[in-house]
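A.B. asks: Provided below for reference: sequence and predicted model.
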Amino acid sequence: MQPGFVERDGVRLHYVVSGRNHAPALLLLHPLGASLEVWSRQMPELERFFRVVRYDARGHGKSVLPEGAPEPRSIDDLADDALAVLDALRIERAHWCGQSLGGMVAMSAARRVPRRVTRLVLANTSPFLPPASMWDERIETVRQSGMDPIAEAVPPRWFTPGFIARAPEAVERVVAMVRATQPRGYAEACGAIRDMDQREAIAAITAPTLVITGAQDPATPLEHSEELVSRIPGADLVVLDASHLANVEQPEDFTAAVVDFLRD
């Protein structure tokens, strides 16, 4: 495992590279409020076939936003962060797999710089996620009260009741990630989602695309994934028995779907 940092706009973006050095590159992009650790259940299998690159979005995990760093950010800006990580590693093309916020970032890259995206996996995500008032409320919450209220609201929104009951340690690990997120980083990402509308633009995506969703996902419901499939030429859909973090709740099925698609 090779950890490192990339400097961009005064921010040190933390990344980790693992797997097979000469295999195809696979970039993993985590959800809002999480960190690169959210992919831990996927790593043993993905590392068998790919050179896996994970990174923490600005203000998440170990990618701390310093005082004076530029703000606000857009989804396209966040995609440029991801590209900066690949540039630092001299990776010209990669498979991109993004979940929730990570999927929004991956869509931006796939439509703006198609030569950088070999295949695309979009999990539990959406091209447009209103209402704006919801994101404004979250921004105000973290500015006034920090991340605790956001972290406490995670379990019922990201996991099914059955999973919460049978896997409390896995749920708590995710809650701890959210609690540790820098409030400013979370708020800026919320603003980027609030201002995003990629519904028309994603028709320009040319990379083969797989959409994965949870049948019980209240954050990005099934119809959002169906919209992605209807707008991205040739996209396929996999529906798992899960809520918003399908890769945590159904790790084996999620990983198998990703590996089968990327190695097809």
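C.D. replies: Cool, got the structure.
A.B. asks: all contacts plus neighbour counts: C-alpha atoms, from now on.
C.D. replies: OK.
A.B. asks: What segments of the stretch 101-250 of the chain are helices?
C.D. replies: Assigned by DSSP state H, counting those that start in this stretch, the stretch 101-250 of the chain shows helices spanning 101-112, 132-145, 148-152, 154-158, 161-166, 168-180, 183-194, 222-231, 246-249.
A.B. asks: who's in contact with the third one?
C.D. replies: The list of residues contacting helix 148-152 from outside it, by C-alpha atoms under 8 Å, 6 or more residues apart in numbering, reads 138, 141-142, 175-176, 178-179.
A.B. asks: Looking at the helices of the stretch 101-250 of the chain, spot the one closest to residue 76.
C.D. replies: For residue 76, the closest of those is helix 101-112, at 5.9 Å, according to C-alpha to C-alpha.
A.B. asks: residues of stretch 108-116 that come out buried?
C.D. replies: Buried residues in stretch 108-116, counted by 16 or more other C-alpha atoms under 10 Å: 108-112, 114, 116.
A.B. asks: Quick check: residue 206 touching residue 233?
C.D. replies: Yes: counting by C-alpha atoms under 8 Å, residue 206 touches residue 233, with 7.1 Å between them.
A.B. asks: Same drill for those two, tell me which one is more crowded.
C.D. replies: residue 206 (19 against 16; other C-alpha atoms under 10 Å).
A.B. asks: what's the more buried one sitting at in phi/psi?
C.D. replies: Note on residue 206: its backbone torsions stand at phi -110, psi -10 [degrees, to the nearest 10].
A.B. asks: Look up how far residue 182 lies from it.
C.D. replies: Distance, residue 206 to residue 182, by C-alpha to C-alpha, to the nearest Å: 35 Å.
A.B. asks: Next: residue 142.
C.D. replies: Distance from residue 142 to residue 182, by C-alpha to C-alpha: 9 Å.
A.B. asks: quick revisit: hmm, which two among the buried residues of stretch 108-116 are most spread apart?
C.D. replies: Across the buried residues of stretch 108-116, the longest distance by C-alpha to C-alpha is 11.4 Å; it joins 108 and 116.
A.B. asks: which other residues reach the strand ranked longest in the chain?
C.D. replies: Using DSSP state E to define each element, the chain has its longest strand at strand 11-19. Outside strand 11-19, the residues that touch it by C-alpha under 8 Å, 6+ apart are 1-7, 46-58, 61-66, 69, 81, 85.
A.B. asks: ok, then the element right after that strand?
C.D. replies: As assigned by DSSP states H and E, the chain's next helix or strand after strand 11-19 is strand 25-29.
A.B. asks: now for that following strand, which elements pack on it?
C.D. replies: Applying 3 or more C-alpha pairs under 8 Å, 6 or more residues apart in numbering; DSSP states H and E, one finds that strand 25-29 contacts strand 51-55, strand 94-99, helix 101-112.
A.B. asks: Tell me which strands it pairs with, and in which orientation.
C.D. replies: Counting by DSSP bridges, the strands paired with strand 25-29 are strand 51-55 (parallel), strand 94-99 (parallel).
A.B. asks: Can you lay out these as TSV showing mean neighbour count?
C.D. replies: Listed next are these as TSV, based on neighbours: other C-alpha atoms under 10 Å:
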stretch	mean neighbour count
strand 51-55	24
strand 94-99	25
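A.B. asks: picking that back up, out of the contacts of strand 11-19, name the ones that lie in helices.
C.D. replies: 46-49, 81, 85 (DSSP state H).
A.B. asks: tell me the two of these that are most distant?
C.D. replies: Pairwise distances across those peak at 26.3 Å for 48 and 81 (criterion: C-alpha to C-alpha).
A.B. asks: who has more neighbours, these two?
C.D. replies: When residue 48 and residue 81 are compared for neighbours, residue 81 comes out ahead with 23 against 14, by other C-alpha under 10 Å.
A.B. asks: Pairing partners for the closest residue to residue 62 other than its chain neighbours in the sheet, please.
C.D. replies: Spatial nearest neighbour of residue 62, chain neighbours left out: residue 14 (5.8 Å); criterion: C-alpha to C-alpha, 6 or more residues apart in numbering. For residue 14, the beta-bridge partners are residue 5 (DSSP bridges).
A.B. asks: Count residues in the vicinity of residue 238, would you?
C.D. replies: A count of neighbours around residue 238, defined by other C-alpha under 10 Å, yields 16.
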